[in-house]
Structure formats: C-alpha cells, structure tokens
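1. 3D, please:
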Amino acid sequence: MGGVACQKKAAVSRPDPPPVLQTPTDKELADRSFRRGDLETAVNLYKQVLASNPDVDERAAIMYRLAVSYSVPGSPVYNPQQAAVLLTELSNDPHSAYATDAKLILGLTAEVNQLRLLSSEKEELVQALSAQLKSFNDRESFRRELEIAERNFAQGNYQVAAEAYLQY
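-> Below is the predicted model:
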C-alpha cells in the first residue's frame with residue numbers, strides 16, 4: 001500500500017505586532033502637567049479641552065483642577081477670583097462629584113479671608129496705638145524741654161534757656 005503519510009503542519013507562531021504608540025490627548029497631557037506642578041501648562045491645556053465641549057463629568061473634573069490651579073499662591077496662574085467663579089459653579093451643581101469639595105474650599109477660603117481681614121484690622125489698630133504712644137512720648141519730651149527752658153530762664157541762664165526754647 002503506497003500510503004500517504006499524514007503530515008501535520010507545524011503551527012508557525014508569528015510575533016506580536018509592535019504596540020501602536022498613541023499620542024496622549026490634551027486632557028492626558030494636562031493631567032500630567034497638573035500632577036507635576038506645571039500649572040501654567042495644565043491650565044492652558046485644560047482650557048483647550050474645555051473649548052472642545054467635553055462630557056459633563058470630564059468638564060467638572062477639568063473645572064475642579066482649573067480652580068485648584070488658580071488657587072495656588074505664587075504660581076504664575078494664581079487667580080483667586082477665577083478659582084471662586086469655578087468653585088461656585090461646581091458647588092451649585094448638586095449632581096457634580098466635586099460639589100462638596102468645592103463648597104468646602106469656598107468655605108475655607110472665606111474663613112481665611114476673614115482671618116486676614118481681622119489680622120489687617122488688628123495691624124492697623126497696633127499702628128494707630130503706636131502712633132498715639134509716640135505722640136505721647138513726644139509730648140513728654142517737649143514738656144521736659146519746656147521745663148528746662150523755663151528753669152534756665154528763671155535762673156538767668158538766658159543763652160541755655162533760648163536754646164531750650166528753640167529746641168522745644
């Protein structure tokens with residue numbers, strides 16, 4: 001029998017294709033910049049993403065990160081008024097995942113501002129009292145000069161009296 005031998009074909013494994021590198025989105029780049037503390041780049045990128053009308057949840061997350069970025073004193077994008085606008089908008093949306101955080105930040109900001117105002121008022125009061133004390137000390141000094149002048153005049157030391165009167 002001239003049989004035909006069954007041969008199995010060996011399965012040839014093909015290498016996986018190289019991974020396709022995807023360019024990060026502006027949102028991903030903004031998030032990376034935000035985490036690195038490069039708030040200026042993050043804010044610029046977040047604004048671009050907002051201009052593209054993202055979905056509601058993504059919009060809220062971007063607004064929150066923008067508000068946080070604007071709230072950092074000393075940063076090039078520091079803008080507490082803009083932060084307050086964004087946080088107020090977030091806090092007014094009861095469905096926003098950031099409403100509670102936004103209300104908390106707004107409340108803390110108001111408390112800090114009140115403390116600054118009180119501190120400023122106290123500083124002004126201290127300055128006013130210091131000026132009054134200096135004035136009182138000056139009057140005491142003037143009174144002593146007058147007493148010296150009058151004493152010297154009464155003793156006939158007219159030259160010394162004249163100088164003390166001039167000093168007074």
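2. After the longest helix seen in the chain, which helix or strand is next? Please name it.
-> Taking residue count as the measure and DSSP state H as the definition, the longest helix of the chain comes out as helix 99-154. With elements assigned by DSSP states H and E, the helix or strand that comes after helix 99-154 is helix 158-167.
3. Send over that next one as CSV, restricted to the C-alpha atoms.
-> Output of helix 158-167 as CSV, limited to C-alpha atoms (Å, rounded to 0.1, in the frame of the first residue of the first chain):
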residue,chain,number,x,y,z
TYR,A,158,19.4,133.1,79.0
GLN,A,159,21.6,131.5,76.4
VAL,A,160,20.8,128.0,77.6
ALA,A,161,17.1,129.0,78.0
ALA,A,162,17.0,130.3,74.5
GLU,A,163,18.4,127.1,73.1
ALA,A,164,16.0,125.0,75.1
TYR,A,165,13.1,127.2,73.9
LEU,A,166,14.2,126.7,70.3
GLN,A,167,14.5,123.0,70.9
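4. Just want the angle from it to helix 99-154.
-> On the basis of axes from the mean of the first three to the mean of the last three Cα atoms, to 10 degrees, helix 158-167 is oriented at 160 degrees to helix 99-154.
5. Can you spell out which helices and strands pack onto helix 158-167?
-> Other helices and strands packing on helix 158-167, by 3 or more Cβ pairs under 8 Å, 6 or more residues apart in numbering; DSSP states H and E, are helix 99-154. Heads up, the C-betas are built off the backbone N, CA and C, glycines and all.
6. which other helices and strands contact the helix it packs on?
-> Against helix 99-154 (3+ Cβ pairs under 8 Å, 6+ apart) you get helix 56-70, helix 80-91, helix 158-167.
7. pLDDT weak spots in this protein?
-> Applying pLDDT under 70 to the chain flags residues 1-12.
8. go again using 80 as the cut-off
-> 1-13, 16-21, 125, 129, 132-143, 165, 167-168 (pLDDT under 80).
9. contacting residues around Met63?
-> Contacts for Met63 were tallied using Cβ atoms under 8 Å, 6 or more residues apart in numbering; they are 50, 86, 89-90, 98.
10. Would you check which pair of those lies furthest apart?
-> Maximum pairwise distance in these, criterion Cβ to Cβ, is 14.5 Å, between Leu50 and Tyr98.
11. And those two? Which one has more around it.
-> Tyr98 (21 against 15; other Cβ atoms under 10 Å).
12. The more buried one contacts Glu58, doesn't it?
-> No: the pair Tyr98 / Glu58 is not scored as a contact, 11.8 Å apart, by Cβ atoms under 8 Å.
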